[in-house]
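Asks: Below is the sequence, then the predicted model.
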Amino acid sequence: MTERVDAIPVAAGWRETAVGLAKTAVVAGELALLVLVIWRYSIESEAFLQLSMLALGGFVVHASLPRAWRMPFFALLSVASVFLVFGVVSGLWLLTLGFGLIALSHLPIPWTGRIALIVAAAGVLVLMRVRVIAAPWSEAIWPILGSMFMFRLLIYLYDLKHEKSTFSLVRSVSYFFMLPNICFPLFPVIDYTRFNKHHYDADEHEIYQRGVHWMFRGIVQLLLYRLVYHRLTVDPAEVIGLASFVHYSLATFLLYLRVSGLFHLIVGMLLLFGFNLHETHHLYYLSSSFTDFWRRINIYWKDFMVKLFYYPIRFQLRRLSDVGSIVVSTIIVFAGTWFLHAYQWFWLRGDMLLEWHDALFWAILAGLVIVNSLYELRYPPARTLGRTAWNGWRFAATSCRTLGTFTVICLLWSLWSSDSLGQWLHMVATTGSGGVALFAAPPILLWLARWLRLREQQRPARKGAMAPKRQPWFRTSAATVAAGAAFLVVLGQPAVYEASPYYVGAVVRTALNTGLNIRDQALLDRGYYENLLAVNRQNSALRELFSRTHGDRELINETAAWHDRGDFVDGELVPGAEIQFLGHPLKVNRWGMRDQDYDLDKPDGVFRIAALGASALMGWGAAVEDIFEARFETALNADAPAGSGVRFEVLNFGTPSALGLRQVVLLEEKVVGFHPDAIFYFGQQQDPKYTLDNIAYAVFKGREIPFAFVREILERTGVENGTARDVVQQRLAPYREELIRRTYREMVAVARAHDITPVWVYLPWANEEAMSEAALTLQRYAQEAGFVVVPLDGVYDGYDQHELEVAEWDRHPNALGHRLLAETLYRQVYDRQEEIFGRMLLDRSQNAALTLKERNHE
Amino acid sequence: MSDVKQKAKAFILEKFLQGAAEDELQDTTPLITSGILDSLGTVALVEYLEETFNITIKAHEADEDNLGTLNDIERLVQSKL
């Protein structure tokens, strides 16, 4: 009997242990699947993938340790992550600087003395950040050191002063160097007290499961962000009316998915180590008021501002009326938010962001929150302990409020994401009377919401039902995460998505696309968060650490191989220049081409092709022998029948940023002098954009535009020399189609006047869909203009885009990309040789394509 | 239930949870994390506690530790009486 009684608790204990182990194993399995998704979809960076693998191994060990050892282990793992990503030397620098700041906070001297020393240290770091004093460490350290200390040190000092938490070396290391931070310059502002207080304050498996759940949610948001970024974003120059302005505003607000996705991922990872933190964002697109928006978006930031600024100020101002203290403290909080965003920008990017439209954004948001707060002071919002009792009136009122708030925030976000206030005002001006309705809609919706709410309150009150007791959700959540992650991994396999229906394949390819969209490829210019998140693109040392590859991002126009012409073409390669560019020698021949030398006079028996295009044709980031134009020339000559006396020359006139009209100038001025038999113009997705940009730049600079039809269009739009580029682009947007068609016609006219066959080849980027709608439109224009059209459909089929690009941040084709381009170009030209050469000049029996492949494999 | 808890509970029910039954608000019901008290509500509650119990609450004390539940509020007020 005694044995039986003792056996029951022992058996129960074992069962509990077994269930616990099984749950830990389930979470580890889910995490492993998420790591596969991170790998398959290249979430963030190569360094983050390695960090995720470290987190996976670390999680298994951490969860098996006794509770008392877990925080020290997390501290060690965090330090290990510093060395994993930054290496020994930079890692040591980062830790030394960090430990220095922590040590200053704990010096056994009076509080004011410590603060003075920290301010002095920060001052020295500022001087180093702006390079007044040379820093002995890598440039890569700044954004990460900034993200670890710029806000968290303020919270830490506040809590230290008020003795709000427990302090120890292990806790400080865990807090400042916390595991995922090393990969994320933009990081949620985590509160020190909360970080410590909520460590394992609930069932550990529930915490872990919530962690992987949030990580999965974060990944989904990041993939949705890619769809928005590549498929929905609109260039401000394309905003020409109400519909495009609404589209632009929506897309810019949706881009914020990246921040909320990253923050979910980061905080989710911390939950795996027992830090039971709360959500960083909560359904912010469904905010029903401006104060509600402020509470739901970046909740950690709101908590930080409330703790360090709002409460101290409001408590100081309590002698004022409620209205007075709310107004003053809210203004100070938003002014502080504006300043601290500029401060954040400084540490992450190295310069200050103090722009009028930025200040205006925060000022308007502050005004809206103040009005909303005062309204709530007078009419407190209904809160309930249970579920909201919905009825038609309440639903209608909430819908109107949510839609009104969403519209205002979208409009505000479009202002914040614009390059300037002028650009935004010009976009608004294009909306006409529809714009008036758009701006009038929110107040009407909010008034309607108020009216509906009053009507609802006149009805007999119905109590909200008590919230049902939460059922155990571990299994449901685990099943969702595991099934979702497995689905993403399978869908991300080329064999699967290429065999899927067209639209599914297109969506997956977009979700896999880590490159820049068309506008950013050209401008690298985006909204506040987009620019902050691109800090590793701007900081080459950090980029190198994160991507594990060569991190150069040079611009050709900043090298000795480029000279400014001061005219419509703007610039070109310097004849005879020899430089090292993006890791390869760049040698320019006496005619200004990145090519071997050619005589001006065409030798007898030579069929001469002039290749016209932009940076991809010039071989940006590629070795000269790898350029598809050179390989194409080799293949042509390999297949010219022996004894025929025919030889091919392909002259590379590739000039960065010169597409469209600039190429027409170069064609007349330079190319025709070489007496080519054919010109191959390599058109690209950016043709229309570059055409508009080039005209806008010339107008802005006051340069003469050597095309009567362009001058006539400019007269129609009423722009004058010196007008800002974005304004010119917006005015020209309605003429985009006309401009590109006329450009192609001009090119064909020049070619025909010199008895040259004009050939138009569409040169796709590796991340482009096969012959997208935009490409097909350009192809139609080219055909109508009289070009012989050579499509390169399917050139990259079967390859992952990352295998084909110079770097993660540079979509230009690498050696493999060039090889594939050369092979496809050759095949297409072979099939159209009578049309292009006027006769059969190539003999397939020598199988040049095969020869070409074999040569390249050597 | 202590006087502090009763008064704080009555204030919260009247000011922020109109229509809720008294027994729905328990001693351990989260007030801040559940959204019942936002920053405006927190300041209003602090002012009420200061006036009612003739105590002073500092800005850094207006947090989840001290105002997170009715139990926390009681502990804070008792420590200052």
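Replies: Good, I have the coordinates. Residues are numbered from 1 along each chain as shown, chains lettered A, B, ... in the order given.
Asks: Which stretches in chain B count as helices?
Replies: All helices of chain B, identified by DSSP state H, fall at B:3-15, B:39-53, B:64-67, B:70-80.
Asks: To chain A, which of the ones you listed lies closest?
Replies: With Cβ to the nearest Cβ, the closest approach to chain A among the helices of chain B belongs to helix B:39-53: 5.1 Å. The C-beta positions use only the backbone N, C-alpha and C, and glycine is treated the same way.
Asks: tell me the angle of that closest one relative to helix B:3-15?
Replies: The directions of helix B:39-53 and helix B:3-15 differ by 140 degrees, with axes from the mean of the first three to the mean of the last three Cα atoms, to 10 degrees as the criterion.
Asks: Mind putting the helices of chain B into TSV with mean pLDDT, mean neighbour count and distance to A:V624?
Replies: Converted to TSV, the helices of chain B look like this (pLDDT from 0 to 100; neighbours: other Cβ atoms under 10 Å in any protein chain shown; distance: least, Cβ to Cβ, whole Å):
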stretch	mean pLDDT	mean neighbour count	distance to A:V624
helix B:3-15	92	16	75
helix B:39-53	93	19	63
helix B:64-67	92	20	64
helix B:70-80	95	17	72
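Asks: Now distance to A:R319 too, for those helices, in a markdown table please.
Replies: Output for these, formatted as a markdown table (distance: least, Cβ to Cβ, whole Å):
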| stretch | distance to A:R319 |
| --- | --- |
| helix B:3-15 | 22 |
| helix B:39-53 | 12 |
| helix B:64-67 | 22 |
| helix B:70-80 | 20 |
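Asks: Please name whichever of those is nearest to A:V664.
Replies: A:V664 lies closest, by Cβ to Cβ, to one member of those: helix B:39-53, at 61.6 Å.
Asks: That closest one near chain A at all?
Replies: Yes: when contact is scored as Cβ under 8 Å from any Cβ of the partner chain, part of helix B:39-53 falls within range of chain A: B:S39, B:L40, B:T42, B:V43, B:V46, B:E47.
Asks: Secondary structure class of the residue lying closest to A:W620 once chain neighbours are set aside, three-state.
Replies: Once flanking residues are discounted, A:W620 sits nearest to A:H812: 4.3 Å by Cβ to Cβ, 6 or more residues apart in numbering or on different chains. Secondary structure for A:H812, judged by DSSP: H, G, I helix; E, B strand; the rest coil, is strand.
Asks: Over to A:L692. Which of the three states is it?
Replies: The three-state assignment at A:L692 reads helix, by three-state DSSP.
Asks: next one: A:A696
Replies: Under the three-state scheme (three-state DSSP), A:A696 adopts helix.
Asks: OK, contacts around the residue nearest to A:W620?
Replies: By Cβ atoms under 8 Å, 6 or more residues apart in numbering or on different chains, the contact set of A:H812 is A:S615, A:A616, A:W620, A:G621, A:A622, A:E805, A:V806.
Asks: Just flag the most distant two among these.
Replies: Largest separation among the contacts of A:H812 by Cβ to Cβ: A:S615 and A:E805, giving 13.0 Å.
Asks: Which one's more surrounded, those two?
Replies: Of the pair A:S615 and A:E805, A:E805 is the one with more neighbours under other Cβ atoms under 10 Å in any protein chain shown, namely 22 against 18.
Asks: what's that one in contact with, if anything?
Replies: Contacts were defined as Cβ under 8 Å, 6+ apart; by that measure A:E805 touches A:G515, A:A766, A:N767, A:R811, A:H812, A:P813, A:N814, A:G817.
Asks: returning to what we had before: from chain B, how far out is the residue nearest to A:W620?
Replies: Between A:H812 and chain B the distance is 50 Å, computed by Cβ to the nearest Cβ, to the nearest Å.
Asks: if we can go back for a sec, among the contacts of A:E805, who's most crowded?
Replies: When neighbours are counted as other Cβ under 10 Å, the busiest of those turns out to be A:P813, with 28 neighbours.
Asks: Can you name the residues bridging to the closest residue to A:P791 other than its chain neighbours?
Replies: Closest residue to A:P791 in three dimensions, ignoring its sequence neighbours and counting by Cβ to Cβ, 6+ apart: A:Y762, at 5.5 Å. With DSSP bridges applied, A:Y762 shows beta-bridge pairing to A:G683.
Asks: Any chance you could list what contacts whichever helix or strand A:L49 is part of?
Replies: Secondary-structure element containing A:L49, defined by DSSP states H and E: helix A:46-64. By Cβ under 8 Å, 6+ apart, the surrounding residues in contact with helix A:46-64 are A:24, A:27-28, A:31-32, A:34-35, A:38-39, A:42-43, A:70, A:73-74, A:77, A:80-81, A:84-85, A:179-180, A:182-183, A:204, A:208, A:269, A:272-274, A:545-549.
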